[in-house]
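Engineer: Sequence and predicted model, in that order:
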Amino acid sequence: MKRNSLFSFVLLLFSVFFLSLSQPSFLIEDGCSFFAWIAYIPFFIVIGRIRIKTSLLWGAAYGFLLCLLLCPWLSEFGLIALFFVCGVFAFYNSIIFFIISFFQKSFSRRFSSFFWILRVFPVLAVEFLRTKGLLAFSYGIIGYSQWKNPAFLKLSSLFGIWGVSFLILLVNSLFAKIISERNLRDNLKKFSFCVSLVISVFVFWGMDYFIPREKSSSSLSVALIQNASSASSCTISDYEKDSILLQKLTDDALASFPETELVVWPETAIVPDFLYYANNHSDKRRHELSEKLISYIKDKNCAFLIGSNHREGQNTYNSAIYFSPHGHEIEVYNKNILVPFTEYWPSFLDYKIFNGIKTALNCEFFEKGRKINSFKIKDFCFSTPICFEDSFSSIISKMKKNGADFFVNISDDAWASSAAARNMHLSMSVFRAAEFSSPFIRSTIDGKTCIIDSCGKVTSEIPGEIDGFLCAKLEVQKNSSSPYFIIGDGFIVAITFFVFLLLLILSVGFVKVKCYGRR
């Protein structure tokens, strides 16, 4: 390896290392938000040093290493899952490197004064596309590093997580320009602009977070149940033990907080589809478990939300089942966004050649839900993003438009066996609450069971890896809104459109130059 290439590779490693420090990881469980402000400096410097012909390779190496260090807990699914997601990161980052290199070749000389802004756009656009489609994966977006920073949480209510990411990348890009050119004096105006922008966010948005404002809100008494069941629990005996434990924790919660109006159990807290087996005697033990559970719910003077498998005809869903007090009414929400290869098998891979991999995964596949349901309790409506659905602003927006005043996330994080994975998941719920100015409550299996207010602040929580409960009064403002809820992803969509339009124009021009050159 040549000396220049070796130096670039070292810079790349620094970028990967700083990015992993900025996010919750095995290095720092909560992450350290400071490192986000310097993590992309070596990233942009490296892209400025490499050739366009090798940019795809550099980008792929960068993405692969980043995922390997950021999400090692994916190996709990199996090495296939880890390396597959690493491949996804490699693919998207190779595109980022290529586009920036291509833009640099076309613009860096003529528009060098503004190129430090332009090169931020491809990173945002491609990261946005990474959260869409079959291989959607929201973990690792740089904006989430600020999940404990009130000012940037408040900023997300304007432009979403993408506004936070844009500001971080802008600062990194400017510092990379200053270091590369070794000239702060000529870039002093730009430096002052960026510093002023960051300070403005802290002053105007941060102070708004700390100054309490009177809002007409009502309260709802909730009891969130958390059990630390093993991900390997898969027999009827395990399910019976889990049911008994959940009922005991609920009884303890109701005894300590008798005014409870809503009890929440985590995702797949009851694995057997108990609504089906309550009326079906084909499996005696499952039938008895289901009958006892429904009898227990009907005996309580509060509503229940329970994560469970649910059967409708020949289809089985990963669902949230809502029982009104005494079980008079039963409603169901079926998970809309399933985890590929673990909750469903893509139809385009449904060939015999892949049967070995499909069998090796040993997963239970579900049918995809098609409707966004909201549940009513008192004067409120709420929706239930299941598992990693809370990582997608798009589905939360649909739920909000459907009338949700607050959100209940039910998750099973036991599979990861990682505090970092739990915090990464929590960081996304925090931003969803801030983006839509709506409180989130979370009930998990071995995850982060907590209350998040409408500003994105975690007001109370219980430790992971324990069997326990969290009782609290949830403050809810009806018909709350935010600028982001109104304009949606307009900001990031405009950036993405601009990048691809510019790429198209430059590509056409490049082809014409090649053709005329040949003549």
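Structural biologist: Here it is on my side, so go on. Please read all numbers here as calculations on a predicted model, not as lab measurements. Numbering: from 1, shown residues only.

Engineer: the strands in the protein, which residues?
Structural biologist: With strands called from DSSP state E, the chain shows them at 218-226, 262-264, 303-312, 315-323, 330-334, 375-377, 380-383, 406-412, 440-445, 450-452, 458-461, 468-476.

Engineer: How many residues are close by Phe323?
Structural biologist: Other residues lying near Phe323 total 21 when counted by other C-beta atoms under 10 Å. From N, CA and C alone the C-beta is placed, and that goes for glycine too.

Engineer: again, but for Glu259
Structural biologist: 11.

Engineer: my guess is it meets Val222, correct?
Structural biologist: No: Glu259 lies out of contact with Val222 (C-beta atoms under 8 Å); the separation is 10.3 Å.

Engineer: will you turn the strands of the chain into CSV that also has mean pLDDT and distance to Cys67?
Structural biologist: As requested, the strands of the chain are exported to CSV (pLDDT from 0 to 100; distance: least, C-beta to C-beta, whole Å):
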stretch, mean pLDDT, distance to Cys67
strand 218-226, 94, 29
strand 262-264, 97, 32
strand 303-312, 94, 28
strand 315-323, 94, 25
strand 330-334, 95, 30
strand 375-377, 94, 36
strand 380-383, 95, 30
strand 406-412, 95, 21
strand 440-445, 95, 24
strand 450-452, 96, 27
strand 458-461, 94, 27
strand 468-476, 94, 32
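
Engineer: Just send those back as TSV, with distance to Ser282 too.
Structural biologist: Formatted as TSV, those follow (distance: least, C-beta to C-beta, whole Å):
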stretch	distance to Ser282
strand 218-226	29
strand 262-264	29
strand 303-312	12
strand 315-323	15
strand 330-334	21
strand 375-377	30
strand 380-383	33
strand 406-412	26
strand 440-445	27
strand 450-452	39
strand 458-461	41
strand 468-476	34
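
Engineer: With Leu57 as the reference, name the closest of the ones you listed.
Structural biologist: Of all those, it is strand 406-412 that lies closest to Leu57, at 37.1 Å by C-beta to C-beta.

Engineer: For that closest one, name the packing helices and strands.
Structural biologist: Using 3 or more C-beta pairs under 8 Å, 6 or more residues apart in numbering; DSSP states H and E, the elements in contact with strand 406-412 are strand 303-312, strand 380-383, helix 419-436, strand 440-445.

Engineer: just to revisit the earlier point, so which of the strands of the chain comes closest to Lys398?
Structural biologist: Closest to Lys398 of these is strand 380-383 (C-beta to C-beta; 8.6 Å).

Engineer: partners of that closest one in the sheet?
Structural biologist: strand 375-377 (antiparallel), strand 406-412 (parallel) (DSSP bridges).

Engineer: Could you measure from Leu13 over to Ile178?
Structural biologist: 22 Å (C-beta to C-beta, to the nearest Å).

Engineer: Looking only at neighbour counts, state which of these two leads.
Structural biologist: Neighbour count, other C-beta under 10 Å: between Leu13 and Ile178, Ile178 has more, with 19 against 15.

Engineer: on that earlier part again, nearest to Ser138, out of the strands of the chain?
Structural biologist: Closest of those to Ser138 is strand 406-412, at 13.9 Å (criterion: C-beta to C-beta).

Engineer: what's the distance between the closest one and the middle of its chain?
Structural biologist: For strand 406-412, the distance from its own C-alpha centre to the chain's C-alpha centre is 13 Å (C-alpha atoms, centre = their mean, to the nearest Å).

Engineer: quick one: buried residues of it?
Structural biologist: Neighbour-count burial for strand 406-412 flags Phe406, Phe407, Val408, Asn409, Ile410, Ser411, Asp412 (criterion: 16 or more other C-beta atoms under 10 Å).

Engineer: Columns distance to Ser33 on top of these, output as TSV?
Structural biologist: TSV is the format used below for the buried residues of strand 406-412 (distance: C-beta to C-beta, whole Å):
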residue	distance to Ser33
Phe406	26
Phe407	24
Val408	27
Asn409	23
Ile410	28
Ser411	23
Asp412	28
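
Engineer: Relative to Lys378, which of those is nearest.
Structural biologist: Nearest to Lys378 out of those is Phe406 (C-beta to C-beta; 11.4 Å).

Engineer: got the contact list for that closest one?
Structural biologist: Counting by C-beta atoms under 8 Å, 6 or more residues apart in numbering, Phe406 touches Leu220, Phe380, Phe382, Ser438, Pro439, Phe440, Ile441, Leu474, Val476.

Engineer: Distance check, the nearest residue to Leu124 once chain neighbours are set aside against Val126.
Structural biologist: Once flanking residues are discounted, Leu124 sits nearest to Ile495: 5.4 Å by C-beta to C-beta, 6 or more residues apart in numbering. In this view, Ile495 and Val126 are 11 Å apart by C-beta to C-beta.

Engineer: residue ranges with poor pLDDT in this protein?
Structural biologist: Residues of the chain that meet the criterion pLDDT under 70 lie in 1-3, 108-112, 183-189, 191, 197, 201-216, 230-233, 347-363, 509-519.

Engineer: How about the contacts made by the residue nearest to the spatial centre of it?
Structural biologist: In the chain, the centroid-proximal residue (C-alpha atoms, centre = their mean) is Ser391; its distance is 2.7 Å. By C-beta under 8 Å, 6+ apart, Ser391 lies in contact with Thr131, Ser138, Tyr139, His425, Met428.

Engineer: residue ranges for the helices of the stretch 51-200 of the chain, please.
Structural biologist: 55-70, 79-107, 112-118, 120-130, 150-159, 161-181, 188-200 (DSSP state H, counting those that start in this stretch).

Engineer: wait, which of those is closest to Ala228?
Structural biologist: Closest approach to Ala228 among the helices of the stretch 51-200 of the chain is made by helix 79-107 (22.5 Å; C-beta to C-beta).

Engineer: what's the angle from that closest one to helix 120-130?
Structural biologist: Calculated by axes from the mean of the first three to the mean of the last three C-alpha atoms, to 10 degrees, helix 79-107 forms an angle of 150 degrees with helix 120-130.

Engineer: Check which helices and strands helix 79-107 sits against.
Structural biologist: Applying 3+ C-beta pairs under 8 Å, 6+ apart, one finds that helix 79-107 contacts helix 41-49, helix 55-70, helix 112-118, helix 120-130, helix 355-361, helix 490-518.

Engineer: Okay, buried residues for that helix please.
Structural biologist: 81-86, 88-104, 106-107.

Engineer: now do stretch 121-136
Structural biologist: By neighbour count on 16+ other C-beta under 10 Å, the buried set for stretch 121-136 is 121-131, 135-136.

Engineer: Equivalent analysis for stretch 416-430, please.
Structural biologist: Buried positions in stretch 416-430, judged by neighbour count with 16+ other C-beta under 10 Å: 416, 418-430.
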